[in-house]
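[1] Provided below are the primary sequence and the corresponding predicted coordinates.
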Amino acid sequence: MKKIFGIVFIVIFSFFSFTNRENIELVPINYGPKEAFEFRLHYGFITAGEAKLEVSDQLYYVNKKICYKVTCAGKSSGSFDLITRIRDTWTTYIDTSSKISQKSSRDIEEGKYRLKEVVQFNYTAKKAIVDSENKSKNKNHKEFPIITGMQDIVSGAYYLRVIDFDKMKVGDMFEVNAFFEDKIFIMKIRYKGKEQIKTDFGKINAIRLAPIMPDNGLFEGENSIRLWLSDDKNKLPLKIQADMFVGAVEVDLKAHRNLKYPITFTK
């Protein structure tokens, strides 16, 4: 359970982390202080976990850059909480100008496993400085090479929201470079076009994306993950579906607060 839920956080809640800016046009930042989302992760009718994404009401100065602080807190729930207690918190500091990550951290509690980690992105030296501490209070300091304009796990979700998909054609693909733990993972995502989907808030026109998953023992097939963003100025993360070896997993947006723009519903 710990491994499954951890992978869900990395892949499902974060929507991957983008760093390849070639041929990608961006729109102005469409989120701001106090914006918040609540999600439900479930297998069919069974709720397995919950997550909250929230932008702090304050601005922070990191690496001489003015940044938004965004926190993602996730936990297991119901019967899954009895099997393995999950209490994970991920934090990122996003440069309000360049829209890239300047610093990230994670505080992981999964069963008996514990980890506290802080990552500083040094773009001048092109390295990620990682300081971590485990359950036994053993501390580690490591440095890893990175590329210019790095994103972390959480900031990737917000970078995805500022991509101008109106400039893309159905079938277009762009690369994904995600820094996690000690390396950069390169993946591809295909733009699948637009369609109308039903949500708890009403019917919404949405942008559909499909990450191309490599062969592994967790996900079923190359096109095993599908995700939808609202096709409006907000680009809300509405829904994610994943075909995993344990069955179909779905994440739905359950609540939102303090959006920068009104939601556009369809009749």
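    Alright, I've got the coordinates. Since this is a predicted model, take the numbers as computed values, not measurements.
[2] so which residues of the chain form strands?
    Assignment of strands within the chain using DSSP state E yields the ranges 36-43, 46-62, 65-76, 87-95, 101-110, 113-122, 127-134, 139-145, 173-180, 183-199, 202-212, 225-230, 237-244, 247-257.
[3] how about the first one as CSV, C-alpha atoms only?
    Included here for strand 36-43 are C-alpha records, laid out as CSV according to Å, rounded to 0.1, in the frame of the first residue of the first chain:
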residue,chain,number,x,y,z
ALA,A,36,-7.1,25.9,-2.8
PHE,A,37,-8.2,22.5,-4.2
GLU,A,38,-9.5,19.3,-2.5
PHE,A,39,-9.3,15.9,-4.3
ARG,A,40,-10.6,12.4,-3.7
LEU,A,41,-8.7,9.4,-4.7
HIS,A,42,-10.8,6.3,-5.1
TYR,A,43,-11.1,2.7,-6.4
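[4] contact partners of it?
    Where contact means CB atoms under 8 Å, 6 or more residues apart in numbering, the residues beyond strand 36-43 that reach it are 8, 12-13, 47-55, 236-237, 246-258. In this view, the C-beta of every residue, glycine as well, is placed from N, C-alpha and C.
[5] excluding chain neighbours, give the residue nearest to Lys233 in space.
    Spatially, and ignoring its direct neighbours in sequence, Lys233 is nearest to Tyr261 (4.1 Å; CB to CB, 6 or more residues apart in numbering).
[6] thought the one you found was touching Ser230?
    No: using CB atoms under 8 Å, Tyr261 makes no contact with Ser230, being 9.8 Å away.
[7] neighbour-wise, which of those two wins?
    The neighbour comparison of Tyr261 against Ser230 (other CB atoms under 10 Å) goes to Ser230, with 24 against 13.
[8] what are the bridge partners for that one, then?
    Ala206 (DSSP bridges).
[9] give me the residues contacting stretch 230-238.
    Under the criterion CB under 8 Å, 6+ apart, external residues in contact with stretch 230-238 comprise 15, 27, 30-31, 37, 39, 157, 160-162, 165, 194, 197, 199, 204-207, 227-229, 252-253, 256, 259-261, 263-264.
[10] hang on, the earlier thing: for the residue nearest to Lys233, list the residues it contacts.
    When contacts are counted by CB under 8 Å, 6+ apart, Tyr261 is found next to Asn30, Asp232, Lys233, Asn234.
[11] and those residues, which is closest to Lys126?
    Out of the contacts of Tyr261, the one with the shortest distance to Lys126 is Asn30. That distance is 29.3 Å, counting by CB to CB.
[12] relative to Ile94, how far out is that closest one?
    13 Å (CB to CB, to the nearest Å).
[13] per-residue pLDDT of Lys137, please?
    pLDDT, the model's per-residue confidence, is 90 for Lys137.
[14] what number of residues lie near it?
    Residues near Lys137, counting by other CB under 10 Å, number 8.
[15] same check, this time on Asn134
    Neighbourhood size, Asn134 [other CB under 10 Å]: 14.
[16] got the contact list for it?
    When contacts are counted by CB under 8 Å, 6+ apart, Asn134 is found next to Arg114, Leu115.
[17] please tell me how far it sits from Arg114.
    In this view, Asn134 and Arg114 are 6 Å apart by CB to CB.
[18] low-confidence regions, the stretch 1-150 of the chain specifically.
    Within the stretch 1-150 of the chain, the set of residues satisfying pLDDT under 70 comprises 1-23.
[19] one more time with 50, if that's ok
    Within the stretch 1-150 of the chain, the stretches falling below the threshold (pLDDT under 50) are 1-7, 9, 12-21.
[20] and the contacts of Tyr261, which two are furthest apart?
    Using CB to CB, the two most remote members of the contacts of Tyr261 are Asn30 and Asp232, lying 9.0 Å apart.
[21] the residue nearest to Ser224 when sequence neighbours are not counted: neighbouring residues, count only.
    Nearest-residue entry for Ser224: Asp243, 4.3 Å, with adjacent residues in sequence omitted and distances by CB to CB, 6+ apart. Burial measure for Asp243: 16 neighbouring residues, criterion other CB under 10 Å.
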